[in-house]
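> pasting the structure only:
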C-alpha cells in the first residue's frame, strides 16, 4: 500500500515512539518531523534514561543512536532483544554516524555489526540522512509504503539535509 502524506499522518497518529540520541539538535529535528505527522515522541539522551522509559512505557517504535554517553545504543538493542521480553518485537531504527559502526564497539556486547544488522525488525540509517530516508524507514517499520511525491517540506524547509 502506498501512503500519501495525509495517510502517513494517519499511519503515525498516536504511535508512541522512543527517540534516543545525545545530540539535542537531532532530537529536535526528528521528534518535530514525527510529531508533525501525529506521533507521540518520548526522548532520551542516553541508554540509561531510555532503559527506564522502556521499562515504564509501551512503544510502537524505537529510534536510537549508537554512540552515546553512559549507556550506548548497542546495549539498548541487546536489552530490547535479549533481556526485556516486552520489547523483543518492537521495531528499531538505528541512526548513527558511520564512524560508530565499528566491530570493536559491537564486540563489547558480544555482537558484531553484521549480527546487529541481522537483528529482527532492525533498520540502520547512517547520519547524515534525509527526511525522506527517515520517513521511508519509519513507514517500513509500520508496514506502509512511503510516497515521496506526496510528502511536503513545509515544516523543515532548509533545516533538513536534502538527498
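Nice, I can see it. Everything numeric here is computed off the predicted structure, so don't read it as measured data.
> can you give me the mean pLDDT across the helix or strand where residue 74 lies?
Using DSSP states H and E, residue 74 maps to helix 73-82. The average pLDDT within helix 73-82 is 86.
> was I right to think residue 21 contacts residue 67?
No. Assessed by CB atoms under 8 Å, residue 21 is found out of contact with residue 67, at 9.7 Å. C-beta here means a position set from N, CA and C on the backbone, and glycine is covered the same way.
> out of the two, which sits in the busier spot?
Between residue 21 and residue 67, residue 21 has the larger neighbour count (other CB atoms under 10 Å), namely 27 against 17.
> the more buried one and residue 30: what is the separation?
From residue 21 across to residue 30, the span is 7 Å (CB to CB, to the nearest Å).
> overlap in contacts, these two.
63, 95 (CB atoms under 8 Å, 6 or more residues apart in numbering).
> coming back round to it: check which helices and strands the helix or strand that the helix holding residue 74 is followed by sits against.
Reading on from helix 73-82 to the C-terminus, the next helix or strand found by DSSP H and E is strand 92-97. Contact here means 3 or more CB pairs under 8 Å, 6 or more residues apart in numbering; DSSP states H and E; on that basis strand 92-97 packs against strand 61-64, helix 73-82, strand 122-127, helix 131-141.
> any buried residues in strand 92-97, and which?
Buried residues in strand 92-97, counted by 16 or more other CB atoms under 10 Å: 92-96.
> for residue 62, list each beta-bridge partner.
Beta bridges link residue 62 to residue 18, residue 92, judged by DSSP bridges.
> now do the SS call for residue 143.
coil (DSSP: H, G, I helix; E, B strand; the rest coil).
> how close does it sit to residue 97?
Applying CB to CB to residue 143 and residue 97 gives a distance of 28 Å.
> residue 21 too?
Going from residue 21 to residue 97 by CB to CB gives 11 Å.
> cool, and residue 45?
Taken as CB to CB, the span from residue 45 to residue 97 is 16 Å.
> deepest-packed of the helices and strands packed on strand 92-97, please.
Stretch with highest mean neighbour count among the helices and strands packed on strand 92-97: strand 61-64 (a mean of 26; mean count of other CB atoms under 10 Å).
> shaky segments in this protein?
Filtered on pLDDT under 70, the chain yields the residue ranges 1-11, 98-119, 147-163.
> how about a cut-off of 80?
1-12, 84, 96-120, 144-163 (pLDDT under 80).
> residue contacts, the spatially closest residue to residue 125 that is not a sequence neighbour?
Spatial nearest neighbour of residue 125, excluding adjacent residues (CB to CB, 6 or more residues apart in numbering): residue 95 at 5.0 Å. By CB under 8 Å, 6+ apart, residue 95 lies in contact with 21, 26, 30, 63-65, 125-127, 129, 134.
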